[in-house]
Structure formats: C-alpha cells, structure tokens
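K.L.:
Dropping a prediction and its sequence here:
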Amino acid sequence: AQSVTQPDIHITVSEGASLELRCNYSYGATPYLFWYVQSPGQGLQLLLKYFSGDTLVQGIKGFEAEFKRSQSSFNLRKPSVHWSDAAEYFCAVGAMNQAGTALIFGKGTTLSVSS
Amino acid sequence: ETGVTQSPTHLIKTRGQQVTLRCSSQSGHNTVSWYQQALGQGPQFIFQYYREEENGRGNFPPRFSGLQFPNYSSELNVNALELDDSALYLCASSQGGVTGETQYFGPGTRLLVL
C-alpha cells in the first residue's frame, strides 16, 4: 500500500541556519512526489513537485528537494531559514486513479524558527 | 485568476446532524478532490470528482457523499455526524486527465461536531 512517512514531528532551527526535512515513501510504481506547506489556519501551498527527470527539484521560497529512488526518499532542504518559514510541512505521494491523482500525505513536520 | 474558495469557513454541528460544505474550483480546472485533516494529522483523501463523476474514493463510509456541478464547483455532504468528524475539510482543484497534475488547495472549512 502507498504510504508516506515523515520521521520528524517537530524541528527547531535557528534563523539563518540550513534546514532538511525528511520524507520516505512507499509506492509500487514511479512516484509523483510533492511538498506542501501549511501556515496556521491556512490551506496547503505547493512548494515543489517531482514527476521525472532531474532528481534535484527547485521550488518556491528558496526550497529544493532531492529524489533518491534507492532510499525511497524525497527530502526537503533550504540553505538559510527565515522566521517566516515557520509552518507545518507535508510530503505527499500521488496515487493515480482513473483520471487523476489522489494525494497520500505524511503526518507532517512542524518547523519552528528561533532567533 | 480566482483561486479555490470554500464556504463556510467555520461551522458547529451536533452529533447526528447533516452538513454540506461547498467548494469553487480554480478557473480552468475540471477536477475537485476533498480531504479531511484531523488535528495534528496530515490530510486524508475522501474522494475526487472529475467532470461531474466520482473518480476515486478513500477509506470513508458512505455517509460521506459528494456532488460536482456543471461549472465544476463541488459539495461535500456528511450525514449522521459523529464526534470524530470534527476536522478541517480541504478542497483542492486540478486539471484532471493529466498525469500527476498539481492540486491547488482552498483555505478549508473547520467543522466542529459537539
């Protein structure tokens, strides 16, 4: 069965420090992978996505993620964190159905940024 | 371009009641997906509508039902509400029929069942 695991429930990073959020997936075929961010009381905003091709994907707000098939991972990184990056981050895998994609989400990682 | 909108933003119901949540899809999108996000959890897929037909369903009982209209807006109906139905309900729209299409989310409806 398809699943997504985000091992870190909560991470605190100092402003200006680098960030890596971990994501492992289980999916039988070539995965479609996504990272979304959710600020308090808000919906989900897409940061980046991987379908095929280059395994290093660039997204918005200076985020990037690397797809590693051998490790079934899709970790999110940012070289320098800003206080406004504090939010909930969700990794998702797209499970194909008849005419579209159902997203399967991990439980999320809460990012706190300290000054 | 108008994004995905949902109404109402919040509502409170009592156990056993019925509720209808509404979603307007982004311009040009013909697919709407609904997700339930319990507190402290990731969103869970309820079902998806593509061109007014249900196109995939998650592990939710039949008392969760939906509808998509010719303008591609959608409703989520939940009958016989239970306490565990308290959650943030998210709607996402996309251009269906495209492999791995991106889903764009609305701000959600927060439902509290007492």
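P.N.:
Perfect, thanks for sending it.

K.L.:
Quick one: residues contacting A:Gly106.
P.N.:
By Cβ atoms under 8 Å, 6 or more residues apart in numbering or on different chains, the contact list for A:Gly106 reads A:Val4, A:Thr5, A:Gln6, A:Cys23, A:Phe90, A:Cys91, A:Ala92, B:Gly42. (Glycine included, C-beta is placed from N, CA and C.)

K.L.:
Quick check: buried residues in stretch A:23-36?
P.N.:
A:Cys23, A:Asn24, A:Tyr25, A:Tyr27, A:Pro31, A:Tyr32, A:Leu33, A:Phe34, A:Trp35, A:Tyr36 (16 or more other Cβ atoms under 10 Å in any protein chain shown).

K.L.:
Spatially, what comes nearest to the spatially most central residue of chain B if we skip its sequence neighbours?
P.N.:
In chain B, the residue lying closest to the centroid (Cα atoms, centre = their mean) is B:Trp34, at 3.0 Å. Computed as Cβ to Cβ, 6 or more residues apart in numbering or on different chains, the closest residue to B:Trp34 that is not its neighbour in sequence is B:Ile46, at 4.3 Å.

K.L.:
What is the burial count for that neighbour?
P.N.:
Per other Cβ atoms under 10 Å in any protein chain shown, the neighbour tally for B:Ile46 reads 23.

K.L.:
pLDDT at it, what is it?
P.N.:
pLDDT, B:Ile46: 96.

K.L.:
quick one: contacts for A:Tyr32?
P.N.:
A:Lys49, A:Tyr50, A:Phe51, A:Val93, A:Gly94, A:Met96, A:Thr101, B:Thr99, B:Gly100.

K.L.:
quick check, nearest of these to B:Asn30?
P.N.:
For those, the closest approach to B:Asn30 (Cβ to Cβ) belongs to A:Thr101, at 13.6 Å.

K.L.:
ok, that closest one - contacts?
P.N.:
A:Thr101 touches A:Tyr32, A:Gly94, A:Ala95, B:Ser94, B:Thr99, B:Gly100, B:Glu101, B:Gln103, counting by Cβ under 8 Å, 6+ apart.

K.L.:
Get me the contact residues on chain B for chain A.
P.N.:
B:4, B:31, B:33, B:35, B:40-45, B:48, B:50-51, B:55-56, B:58, B:90, B:92, B:94, B:96-108 (Cβ under 8 Å from any Cβ of the partner chain).

K.L.:
Among these, name the ones in helices.
P.N.:
Using DSSP state H to define helices, no part of the residues of chain B next to chain A is located there.

K.L.:
quick one on the thing from earlier: name the member of the contacts of A:Thr101 with the most neighbours.
P.N.:
B:Gln103 leads the contacts of A:Thr101 on contacts (other Cβ under 10 Å) with 30 neighbours.

K.L.:
give me the low-pLDDT residue ranges for chain B?
P.N.:
B:1-2, B:97-99 (pLDDT under 70).

K.L.:
would you list every one of the strands in it?
P.N.:
Counting by DSSP state E, chain B has strands at residues B:5-7, B:10-13, B:19-24, B:31-37, B:44-50, B:53-57, B:64-68, B:74-78, B:87-94, B:104-105, B:109-113.

K.L.:
Give the partner strands of the fourth one in its sheet and their orientations.
P.N.:
Listed by DSSP bridges, the sheet partners of strand B:31-37 and their directions read strand B:44-50 (antiparallel), strand B:87-94 (antiparallel).
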